[in-house]
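Engineer: model this:
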Amino acid sequence: MDEKLFEKLHREGHLSAASLDRVKAAAAGRLFSLHWELKTLLYLGYCC
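Structural biologist: Residues are numbered from 1 along each chain as shown. Next comes the predicted model:
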């Protein structure tokens, strides 16, 4: 992912600061919780 492109879009006013932060977080490869997704899949597997 080309972060410089997104920073340029932000400087030009085409991208909000919040969106830029989300792009940078995605580029950094931050981990996120799968707790509820796994719990839902386990529940569906049990009941169906």
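Engineer: Poorly predicted segments of this protein, please.
Structural biologist: Applying pLDDT under 70 to the chain flags residues 1, 30-32, 47-48.
Engineer: Would you map the strands across the chain?
Structural biologist: Read by DSSP state E, the chain holds no strands at all.
Engineer: if I look at the most centrally placed residue in it, how far off is residue 42?
Structural biologist: Centroid-nearest residue in the chain, with CA atoms, centre = their mean: residue 26, separated by 5.1 Å. According to CB to CB, to the nearest Å, residue 26 and residue 42 sit 27 Å apart. C-beta coordinates here come from the backbone N, C-alpha and C atoms, glycine included.
Engineer: what does residue 27 give?
Structural biologist: As judged by CB to CB, residue 27 and residue 42 stand 31 Å apart.
Engineer: Could I get the buried residue list for stretch 21-30?
Structural biologist: residue 23 (16 or more other CB atoms under 10 Å).
Engineer: Alpha carbons only: can I get that stretch in PDB?
Structural biologist: The C-alpha trace of stretch 21-30 is given here as PDB (Å, rounded to 0.1, in the frame of the first residue of the first chain):
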ATOM      1  CA  ASP A  21      -5.500   7.200  10.300                       C
ATOM      2  CA  ARG A  22      -7.400   4.100   9.200                       C
ATOM      3  CA  VAL A  23      -5.200   3.700   6.200                       C
ATOM      4  CA  LYS A  24      -2.100   4.000   8.300                       C
ATOM      5  CA  ALA A  25      -3.400   1.500  10.800                       C
ATOM      6  CA  ALA A  26      -4.200  -1.000   8.100                       C
ATOM      7  CA  ALA A  27      -0.800  -0.500   6.600                       C
ATOM      8  CA  ALA A  28       0.900  -1.100   9.900                       C
ATOM      9  CA  GLY A  29      -0.800  -4.500  10.100                       C
ATOM     10  CA  ARG A  30      -2.300  -4.100  13.500                       C
END
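Engineer: Centre of the chain to that stretch, how far?
Structural biologist: Taking the mean of its C-alpha atoms, stretch 21-30 sits 7 Å from the chain's own mean (CA atoms, centre = their mean, to the nearest Å).
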